[in-house]
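*Asks:* Sequence and predicted model, in that order:
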Amino acid sequence: MASGGTHHTETPADPRADTTPMVAYTGPTDIADPLVRTEVRKALVWVGMVAAFALVAFLSQSLMVIFGGIVFGSLIDGGARLVARVIPIPRTWCVGIVLLAAALFFVWMTHFAGNQITTQATQLPATIEKQGRELLLWLDHHGIDLRIGDWRNLLHEGLSGIGQVTAALGGLIGAVTTVFLIVVLGIYFALEPRLYRRGVAWVLPQDRRRHFEKTTRMMGHALRRLLFGRVIGMVIEGVFTWAMLQGYGVPMAALLGLITGLLAFMPNIGAPISGMLMILVGFSGGMQMGFYTIGVYVMIHLIDGYVIVPVIARKTVDLPPALVLAAQLIMGVLFGVIGLILADPLVAMIKIWLEQQATHNREDFDHAAEVAAEVAAASAASGD
């Protein structure tokens, strides 16, 4: 065809030229078989899950410290909320008041009660060993032959938990770095809890953020009440033990009261350990004093089991005792004393998360069923 004196000839298209869009090109890693492609994706999901579990196991110590900071931050947060109800001041000041009160309490305990408790702490191992020897003699007199070496092995193996837990007085000094990190993280979490909660929610998909916000709020509310109940129980049991033992003249009453109060934070495990120490010290002063300490322990156990624990469970999360004990044993083996302390809050948080996840899934299923019913009704109406 000629146009304007210029002859233009159209070049025929090359039949070998590939006009397929770029996205349709197959590469060396593409799999044509749909079944194989599906199985590979499943395998990658499992590999990713295994890698995630391995990473969690590798970082378990650090994650436990972070969770300890969250628990400590919730404790500070609960105190700050109580202060805010009484004094309408900014949150930073409320947190500062709580931290100042805690610091003054520890200074008082170290300054006024430190010498007495330290002296009693040095006497406690000797008293326990003496009572152990007397127990061996009593057993030998009744036909049960146990040697001193066997007693020491039992003492070191069976009471190894006591050595760790009573080290809550001095063992915290050996783990000062961990405690320092937990305290610092807890202060940061307590000062701006919304900042960190929103930061985690921002990483999640938009359709999961509302569910995450609701779940974390419930977790925080339950954790604050749980810790508040634990603190109240620690104070009641510690003061009650000290008053009852001191009134009867039981040796090391202040130390036993402090140990009982500290171990009250760990249900199921703390009470038997503190009770055994109390009874051993009691029998060092005679049979009458020993039976008196047994009565004191029974009273403390009744108060804890029928007054404190039911109130805490009713206000927070009702946890089966066997589940808590199993978690404490596992966490104690994996992480030592810090695992024992954090086992109860961790189980409570996991239970709340599972309950909320089940509720969320049920709501999704109900919504999907409603949508399917509406679509089926619309299809039936259009068909008519």
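*Replies:* Cool, got the structure.

*Asks:* how far out from the middle of the chain is whatever helix or strand Thr92 lives in?
*Replies:* Thr92 is located in helix 91-112, with elements delineated by DSSP states H and E. Here helix 91-112 is found 24 Å from its chain centre; the criterion is C-alpha atoms, centre = their mean, to the nearest Å.

*Asks:* Next, the buried residues of that helix.
*Replies:* 91, 94-99 (16 or more other C-beta atoms under 10 Å). C-beta here means a position set from N, CA and C on the backbone, and glycine is covered the same way.

*Asks:* Format these as TSV; extra columns: pLDDT and distance to Phe105.
*Replies:* Putting the buried residues of helix 91-112 into TSV (pLDDT from 0 to 100; distance: C-beta to C-beta, whole Å) gives the following:
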residue	pLDDT	distance to Phe105
Arg91	86	21
Cys94	89	17
Val95	89	16
Gly96	90	15
Ile97	91	13
Val98	90	11
Leu99	90	11
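
*Asks:* From these, pick the one nearest Phe265.
*Replies:* Nearest to Phe265 among the buried residues of helix 91-112 is Val98, at 17.9 Å by C-beta to C-beta.

*Asks:* what about the helices in the stretch 151-300 of the chain?
*Replies:* Counting by DSSP state H, counting those that start in this stretch, residue ranges of the helices within the stretch 151-300 of the chain are 160-165, 167-174, 176-191, 193-203, 206-248, 253-263, 270-283, 287-303.

*Asks:* for the stretch 201-350 of the chain, which spans come out with low pLDDT?
*Replies:* Across the stretch 201-350 of the chain, the ranges flagged by pLDDT under 70 are 305-306, 308-318.

*Asks:* Please repeat the previous calculation with a cut-off of 90.
*Replies:* 201-242, 244-350 (pLDDT under 90).

*Asks:* Among the helices of the stretch 151-300 of the chain, which comes closest to Leu346?
*Replies:* Closest of these to Leu346 is helix 206-248, at 10.1 Å (criterion: C-beta to C-beta).

*Asks:* so what does the closest one touch, helix or strand wise?
*Replies:* Here helix 206-248 touches helix 60-86, helix 193-203, helix 253-263, helix 270-283, helix 287-303, helix 309-315, helix 337-383, going by 3 or more C-beta pairs under 8 Å, 6 or more residues apart in numbering; DSSP states H and E.

*Asks:* thought Ile269 was touching Ala326?
*Replies:* No: counting by C-beta atoms under 8 Å, Ile269 does not reach Ala326; the two are 11.4 Å apart.

*Asks:* what about those two, which has more around it?
*Replies:* Between Ile269 and Ala326, counted using other C-beta atoms under 10 Å, Ile269 has the larger neighbour count: 20 against 14.

*Asks:* Against Leu323, how distant is that one?
*Replies:* 14 Å (C-beta to C-beta, to the nearest Å).

*Asks:* Please name the residues that touch Asp77.
*Replies:* 95, 189-190, 193, 220, 224 (C-beta atoms under 8 Å, 6 or more residues apart in numbering).

*Asks:* no no, Ser382
*Replies:* Contacts of Ser382 (C-beta under 8 Å, 6+ apart): none.

*Asks:* buried ones in stretch 286-306?
*Replies:* Under the neighbour-count criterion of 16+ other C-beta under 10 Å, stretch 286-306 has 289-290, 292-293, 296-297, 300, 304 buried.

*Asks:* With respect to Glu39, which of these is nearest?
*Replies:* Nearest member of the buried residues of stretch 286-306 to Glu39, counting by C-beta to C-beta, is Asp304, at 54.7 Å.

*Asks:* same for the helix holding Thr92, what does it pack against?
*Replies:* Here helix 91-112 touches helix 60-86, helix 176-191, going by 3+ C-beta pairs under 8 Å, 6+ apart.

*Asks:* run the last query once more with 6 Å
*Replies:* helix 60-86 (3 or more C-beta pairs under 6 Å, 6 or more residues apart in numbering; DSSP states H and E).

*Asks:* picking that back up, make JSON lines from the helices of the stretch 151-300 of the chain and add distance to Gly79 to it.
*Replies:* As requested, the helices of the stretch 151-300 of the chain are arranged in JSON lines below (distance: least, C-beta to C-beta, whole Å):
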{"stretch": "helix 160-165", "distance to Gly79": "25"}
{"stretch": "helix 167-174", "distance to Gly79": "20"}
{"stretch": "helix 176-191", "distance to Gly79": "9"}
{"stretch": "helix 193-203", "distance to Gly79": "13"}
{"stretch": "helix 206-248", "distance to Gly79": "8"}
{"stretch": "helix 253-263", "distance to Gly79": "18"}
{"stretch": "helix 270-283", "distance to Gly79": "22"}
{"stretch": "helix 287-303", "distance to Gly79": "24"}
